[in-house]
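Asks: dropping a prediction and its sequence here:
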Amino acid sequence: MTAWWKKSSVYQIYPRSFQDSNGDGIGDLQGIMQRLPYLEKLGIDIIWLGPIYDSPNDDNGYDIRDYQKIQKEFGSLDDFKQLVTAAKAHGIGIMMDLVVNHTSDEHQWFEEARSSRTSKYRDYYIFKEQPNNWGSFFSGSTWTYNEPTDDYYLHLFSTKQPDLNWENSEMRQAIYDMMKSWLELGIVGFRMDVINLIAKDERFPDGEKQNGELYGDGSPYYMNLPKVHDYLKEMYKEVLADGDYVTVGETPGTTPESASVFTNPHDKELSMIFTFEHMDVDSEGPKWHHKPLDLVALKQIFERWQRELHGTGWNSLYWNNHDQPRVVSRFGQDGKYRVQSAKMLAIALHLMQGTPYIYQGEEIGMTNVDFQSIDEYRDIETLNYYEEQLANGKTAELTLQDIARKSRDHARTPMQWDETGGFTTGTPWIRMNDNVTQINVKAALADPNSIFYTYQQLIQLRKNEHIVQHGTFELLLKEHPQLFVYKRQDEQRTWLVIANFSEQTFAQNFATVDVTQLTKAIITNGGVRIDGEIIHIEPYGAAVFEV
């Protein structure tokens, strides 16, 4: 029997930016409830709800002060209960963000742990007399001096996000009890933030340095260590075994081979994971160092993940999330061919095997923002990078060029509901994209040829078609630098998926496909036509044919 989440599509909501109901410029739970009919029309099955827990918002909610309270800007626990009930009435389940690699430094556990070496919570975190040389994901060292106890605490991310010590069984049990309390409220599962980082090498050796780098790479000593699998198996047994829940792990640095271990149903760890490999194909080393999209490399990555996980694990499929710039500006074209390229990207992704994730606004083709100065950015990673680069002698102009391509704030601007914005009656916490007058939900729903309706069709195909859920994947034209072409096949049917990642037009024949046998287009963005034995593919054209 097919697991329910293998037929599902997930819609990620970044609560701060989705819909404000009270005019304070910040999205909230009541606002999300107002938009449930829209999400039902789109056809999604699960809302992945970004963190809504009580937080100082150093990292926009990924620094949790209290796991049992709702951030007051978002509403109350009663509001959350209403949302779960209302979403179920629309056929939608709620998946919570679970952030348990670290807490906020304002969490009660850490406030007590840092105050005294004899605190009962001391061993909930990681303190050392002498720090090693690891560098933080958010710039600087992973260690910060703690004056009350004259030592250092570990934080792989912000200084305000101290890492939890998963070696401590009492701490683990407290996390499991917290998870159970949310499941009892009716949620359908968890998206687990950087879950593959929770196990640390207890020796804490120095990391390798590259020439000129101030800090060492500690990732071999905290990323994908064998013990993480013990923790996840224990979590499954303690929390998840008695229900039909969905779990997705955010797991940087994983390979298809390690993903098969995380997601093999016999191992009882996770339903699926997020890979980052395909998100690095336009970076030269660090994420900020841009290079043009290498489509051949991108296709190779997808092929490997599709092949290696088929029949053993399960893929998650995504272009966008709260940590990535808008894909239509990144891998598509956000000018003349915005609509065509947004549909093409959707078709190319959603017809592969795996559970697709749609990030708010992706279904209407929202784009990156033309921020005018560093003062308009809000993301801690972006702001830290800017200060670090200027301190190292890089010009503000060049640094802003890096940021303009890859800042996480591109994904975090308010959802564009109508030509006036429709997000809030107040002042948004971060600026609205100027193109809201042209790109908005109201306009998309009124246009039968809009990006929205392509996403709607793709979601229905996943629900209804066995070949999409379970068919094999075969990559064609592997070395073609602009065309992404693959076959899906099950016992009864074969589909051919064609996507043009360029502004060029192609007249293509296929050695392994009899084009004259292509019976009908299952879905198309209007950019592909058949003429005898030749398929003509227009700029950013895409189509799925039955063979």
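Replies: Thanks, I have it.
Asks: state the distance from residue 59 to residue 452.
Replies: For residue 59, the distance to residue 452 equals 31 Å [C-beta to C-beta, to the nearest Å]. (Each C-beta comes from the backbone N, C-alpha and C, glycine too.)
Asks: whoops, I mixed them up, residue 88
Replies: Distance, residue 88 to residue 452, using C-beta to C-beta: 24 Å.
Asks: neighbour-wise, which of those two wins?
Replies: residue 452 (22 against 13; other C-beta atoms under 10 Å).
Asks: so that one is in which element?
Replies: Per DSSP states H and E, residue 452 falls inside helix 451-464.
Asks: which residue, other than its chain neighbours, is closest to residue 81?
Replies: Spatial nearest neighbour of residue 81, chain neighbours left out: residue 185 (6.2 Å); criterion: C-beta to C-beta, 6 or more residues apart in numbering.
Asks: pull the contacting residues for that neighbour.
Replies: By C-beta atoms under 8 Å, 6 or more residues apart in numbering, the contact list for residue 185 reads 80, 81, 84.
Asks: show me how to select, in ChimeraX, the buried members of these.
Replies: Here is the ChimeraX selection string for the buried members of those, based on 16 or more other C-beta atoms under 10 Å:
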select :80,84
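Asks: kindly format the C-alpha coordinates of stretch 518-532 as PDB.
Replies: What follows is stretch 518-532, C-alpha atoms only, in PDB (Å, rounded to 0.1, in the frame of the first residue of the first chain):
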ATOM      1  CA  LEU A 518       3.700  10.200 -28.700                       C
ATOM      2  CA  THR A 519       0.000  10.000 -28.400                       C
ATOM      3  CA  LYS A 520      -0.900  13.000 -26.400                       C
ATOM      4  CA  ALA A 521       0.400  15.800 -24.200                       C
ATOM      5  CA  ILE A 522      -0.400  15.000 -20.500                       C
ATOM      6  CA  ILE A 523       0.600  18.600 -19.500                       C
ATOM      7  CA  THR A 524       2.400  21.400 -21.400                       C
ATOM      8  CA  ASN A 525       3.200  25.100 -21.000                       C
ATOM      9  CA  GLY A 526       2.500  25.600 -24.700                       C
ATOM     10  CA  GLY A 527       6.200  25.700 -25.700                       C
ATOM     11  CA  VAL A 528       6.500  22.200 -27.300                       C
ATOM     12  CA  ARG A 529       5.000  20.800 -30.600                       C
ATOM     13  CA  ILE A 530       5.500  17.700 -32.700                       C
ATOM     14  CA  ASP A 531       6.100  17.900 -36.400                       C
ATOM     15  CA  GLY A 532       6.600  14.400 -37.900                       C
END
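Asks: okay, now the unreliable bits of this protein?
Replies: Of all residues in the chain, none has pLDDT under 70.
Asks: which residues does the residue nearest the centre of it contact?
Replies: In the chain, the centroid-proximal residue (C-alpha atoms, centre = their mean) is residue 321; its distance is 3.8 Å. Listed by C-beta under 8 Å, 6+ apart, the contact set of residue 321 reads 12, 274, 357, 359, 411.
Asks: go again using 10 Å as the cut-off
Replies: For residue 321, the contacting residues are 12, 14, 48, 50, 191, 250, 274, 279, 357-360, 362, 408, 411, by C-beta atoms under 10 Å, 6 or more residues apart in numbering.
Asks: same check, this time on residue 493
Replies: Here residue 493 is in contact with 465, 466, 467, 471, 522, 546, 547 (criterion: C-beta under 10 Å, 6+ apart).
Asks: right, and the second one touches residue 490 too?
Replies: Yes - with the criterion set as C-beta atoms under 10 Å, residue 466 and residue 490 qualify as a contacting pair; they are 5.7 Å apart.
Asks: span of stretch 367-378 from start to end?
Replies: 17 Å (C-alpha to C-alpha, to the nearest Å).
Asks: show me where the stretch 51-200 of the chain has strands.
Replies: 53-54, 66-70, 93-98, 127-128, 143-146, 151-154, 189-192 (DSSP state E, counting those that start in this stretch).
Asks: which one, of those, ends up nearest to residue 44?
Replies: Smallest distance to residue 44 across the strands of the stretch 51-200 of the chain (C-beta to C-beta): 9.8 Å, for strand 93-98.
Asks: for residue 247, which three-state class applies?
Replies: At residue 247, secondary structure determined by DSSP: H, G, I helix; E, B strand; the rest coil is strand.
Asks: try residue 229
Replies: At residue 229, secondary structure determined by three-state DSSP is helix.
Asks: repeat for residue 397
Replies: Following three-state DSSP, we place residue 397 in the helix state.
Asks: what number of residues lie near it?
Replies: 7.
Asks: likewise residue 448?
Replies: So residue 448, with other C-beta under 10 Å, has 7 neighbours.
Asks: need phi/psi at it.
Replies: Per-residue torsions, residue 448: phi -60, psi -20 (degrees, to the nearest 10).
Asks: quick check, residue 87 in contact with residue 39.
Replies: Yes - using C-beta under 10 Å, residue 87 is in contact with residue 39, at 8.3 Å.
Asks: any common contacting residues for these two?
Replies: Here residue 87 and residue 39 have 32, 47 as joint contacts, going by C-beta under 10 Å, 6+ apart.
Asks: how close does residue 130 sit to residue 143?
Replies: From residue 130 over to residue 143 (counting by C-beta to C-beta), the distance is 9 Å.
Asks: which of those two has more residues huddled nearby?
Replies: residue 143 (22 against 8).
Asks: what's the local residue count around the residue lying closest to the more buried one once chain neighbours are set aside?
Replies: Nearest non-adjacent residue to residue 143, counting by C-beta to C-beta, 6+ apart: residue 131, 3.4 Å away. Using other C-beta under 10 Å, the number of residues around residue 131 comes to 17.
Asks: what of residue 422?
Replies: The tally of other residues near residue 422 (other C-beta under 10 Å) stands at 19.
Asks: correct me, but it touches residue 414?
Replies: Yes - contact criterion C-beta under 10 Å: residue 422 and residue 414 qualify, at 8.7 Å.
Asks: which residues are in contact with each of the two?
Replies: 19, 20, 432, 436.
Asks: wait, a strand at the third one?
Replies: Read that as residue 432. No - assigned with three-state DSSP, residue 432 falls outside any strand and is coil.
Asks: what's the burial count for it?
Replies: Residue 432 has 19 nearby residues by other C-beta under 10 Å.
Asks: could you do the last one as well?
Replies: Residues contacting residue 436 under the criterion other C-beta under 10 Å number 21.
Asks: same check on the first one?
Replies: Under the neighbour criterion other C-beta under 10 Å, residue 19 is assigned a count of 23.
Asks: next, work out how far apart it and residue 230 are.
Replies: From residue 19 over to residue 230 the distance is 41 Å, taken as C-beta to C-beta.
Asks: could you do the last one as well?
Replies: As defined by C-beta to C-beta, residue 436 lies at a distance of 48 Å from residue 230.
Asks: how about residue 132?
Replies: Computed as C-beta to C-beta, the residue 132 to residue 230 distance reads 24 Å.
Asks: same thing with residue 367?
Replies: Going from residue 367 to residue 230 by C-beta to C-beta gives 43 Å.
Asks: compare these two (neighbour count), which wins?
Replies: Taking neighbours as other C-beta under 10 Å, residue 367 and residue 230 compare with residue 367 leading, 25 against 13.
Asks: quick one, what contacts the more buried one?
Replies: 325-330, 332-335, 338, 342, 361, 410, 413, 416, 433-435, 439.
Asks: which of those fall within helices?
Replies: 327, 328, 329, 330, 338, 342 (DSSP state H).
Asks: dump these to JSON lines, plus neighbour count.
Replies: Listed next are the ones in helices among the contacts of residue 367 as JSON lines, based on neighbours: other C-beta atoms under 10 Å:
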{"residue": "327", "neighbour count": "25"}
{"residue": "328", "neighbour count": "28"}
{"residue": "329", "neighbour count": "20"}
{"residue": "330", "neighbour count": "21"}
{"residue": "338", "neighbour count": "21"}
{"residue": "342", "neighbour count": "31"}
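Asks: what's the most distant pair in these?
Replies: Greatest spatial distance among the ones in helices among the contacts of residue 367 (C-beta to C-beta): 330 and 338, at 12.4 Å.
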